[in-house]
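*Asks:* sequence first, then the predicted structure:
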Amino acid sequence: MQIKDVRPETFTKQIRCDRCGRLAEYGDAEFPETACIDLKAGYGSIFGDGNEVQIDLCQYCLKLTLGRWLRIAAPGHMKSLMMERLRQLGAEQHGGGSPMAADGSFVEPEDLPVQDPKTTGGPTVRNAPSSR
């Protein structure tokens with residue numbers, strides 16, 4: 001027999017951007033768009049062996065500081081790229097066990113709405129490379 005109980009757990013209620021100070025509250029649209037980096041530096045790291053490295057950036061500061069190097073693709077881009085590459089391979093090359101939409105074994109993630117670049121501010125981000 002299992003006897004259950006309830007205990008409070010901590011959760012992140014607010015995130016403040018370390019660059020601009022913008023505050024995002026849990027439940028706000030900005031909250032899940034915040035980029036949070038939290039890593040432990042490894043042996044020989046430029047950050048120092050075993051040091052903790054952390055930063056929280058709102059989506060605007062992320063785009064302003066790293067936008068030049070970010071790879072941004074439209075929803076469904078990776079699926080269409082994968083399906084095209086699978087079509088190029090014959091079933092005999094990959095065993096025929098690949099997930100396909102036709103047999104119901106391919107599960108699509110929910111597509112996210114595409115953001116209008118004019119409303120996000122900052123520099124324009126280049127488009128994702130097209131498949132060849």
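*Replies:* That came through, no problem.
*Asks:* bridging residues for residue 16?
*Replies:* For residue 16, the beta-bridge partners under DSSP bridges are residue 23.
*Asks:* in this structure it contacts residue 31, no?
*Replies:* No. Contact criterion CB atoms under 8 Å: residue 16 and residue 31 do not qualify, at 11.4 Å. For every residue, glycine as well, the C-beta is placed using N, CA and C.
*Asks:* which residues do those two both contact?
*Replies:* Residues touching both residue 16 and residue 31 (CB atoms under 8 Å, 6 or more residues apart in numbering) are residue 24.
*Asks:* helix or strand for residue 39, which one?
*Replies:* strand 35-40 (DSSP states H and E).
*Asks:* list the buried ones in that strand?
*Replies:* By neighbour count on 16 or more other CB atoms under 10 Å, the buried set for strand 35-40 is residue 35.
*Asks:* partners of that strand in the sheet?
*Replies:* Strand 35-40 has the following sheet partners, assigned by DSSP bridges: strand 52-57 (antiparallel).
*Asks:* buried sites along the partner strand?
*Replies:* Across strand 52-57, burial judged by 16+ other CB under 10 Å covers 56, 57.
*Asks:* hmm, who's touching that strand?
*Replies:* Contacts of strand 52-57 (CB under 8 Å, 6+ apart): 15-19, 34-41, 47, 65.
*Asks:* returning to that earlier point: pull the CA atoms of the strand holding residue 39 into CSV?
*Replies:* Output in CSV follows, covering the C-alpha atoms of strand 35-40 (Å, rounded to 0.1, in the frame of the first residue of the first chain):
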residue,chain,number,x,y,z
ALA,A,35,17.2,31.9,-22.4
CYS,A,36,18.8,30.5,-19.2
ILE,A,37,22.3,29.1,-19.4
ASP,A,38,23.5,27.2,-16.3
LEU,A,39,26.6,25.0,-16.7
LYS,A,40,29.5,23.7,-14.8
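*Asks:* between residue 16 and residue 31, which one's more packed in?
*Replies:* With neighbours defined as other CB atoms under 10 Å, residue 16 and residue 31 compare such that residue 31 has more, 16 against 13.
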